[in-house]
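> Sequence plus predicted model, see below.
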Amino acid sequence: MLRFLKWIFFIFGGLALAIMTFFYSQNKKDIHLALDYKDILDQEYLSENCPRSEGNYLYPCFYKHYSDMVEKAGLTGVSMALKLAFNFMDEDKEKQTRFSGNEKDIVYSLNYLELNNKAIDESDERFNGFEFMYGGYLSSIRDFLKGAKSFSEGIIQGLEGEKGISSLESVEKQELYQKRLDELKAEFERLYTEVHDRNEQKISELLATNDQK
């Protein structure tokens, strides 16, 4: 029995190692990029390196470094950047003192839209993996866009609802945030359509090429 369990351990352990090795080989550029930016996209680091932030509101500084990262990343790196962004946003929202109440929720919801727009824009720009995985890469972009679309549409629905921008007492702030929402919403619809159509065209071309072989 122990010998049997030992073989199971070796087989599944070896399989897990092979999968991890392949994943690293396929995504090593993005993995190293994420490691390079992990500390930079950290709330503590930014709090020490963004001295002009008002009320310890670090998002504008964060977005600059986030943009730098995703503009170098493949799809895996974009996903990793979003993960780092979500971690940062939770902490920044809690520690900043510039916004409060419902306004804080609105501001950060708009920030999430901006982050997602940037991720959508860069999602199909760079393929860094093995050539034979190109088809899987295109399929992954399709899945990524589907999730990104649902995410942004959910936020937009909330901002346009009863507890969204219209719930603010200040008319001036309503107009300010509505203007930003309109801009981000229009950008989201444009970017999603462009990247989605471009990716579907690449998928069609790949399928046509394979049919000819």
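Received the coordinates, thanks. Numbers count the residues shown, from 1 in each chain.

> any weak-confidence spans in this protein?
Scanning the chain for pLDDT under 70 picks out the ranges 1-25, 130, 132-133, 210-213.

> which strands and helices sit next to the longest helix along it?
Ranked by residue count under DSSP state H, the longest helix found in the chain is helix 171-211. Packing contacts for helix 171-211, counted by 3 or more CB pairs under 8 Å, 6 or more residues apart in numbering; DSSP states H and E, involve helix 101-122, helix 134-159. In short, each C-beta sits where N, CA and C put it, glycine included.

> Name the nearest residue to the residue most central in space within the chain, ignoring sequence neighbours.
Centroid check for the chain by CA atoms, centre = their mean gives residue 82 as the closest residue, at 3.1 Å. Leaving aside its sequence neighbours, residue 82 sits nearest to residue 119 (CB to CB, 6 or more residues apart in numbering; 5.5 Å).

> Who are the contact partners of that neighbour?
Taking CB atoms under 8 Å, 6 or more residues apart in numbering, we find residue 119 in contact with 70, 78, 81, 82, 148.

> Restricted to helices, list these.
Per DSSP H, the contacts of residue 119 map to helices at 70, 78, 81, 82, 148.

> does the fourth one really touch residue 112, like I thought?
No: Residue 82 sits out of contact with residue 112 when judged by CB atoms under 8 Å, with a separation of 9.8 Å.

> I figured residue 181 hits residue 165, correct?
Yes: assessed by CB under 8 Å, residue 181 is found in contact with residue 165 at 6.5 Å.
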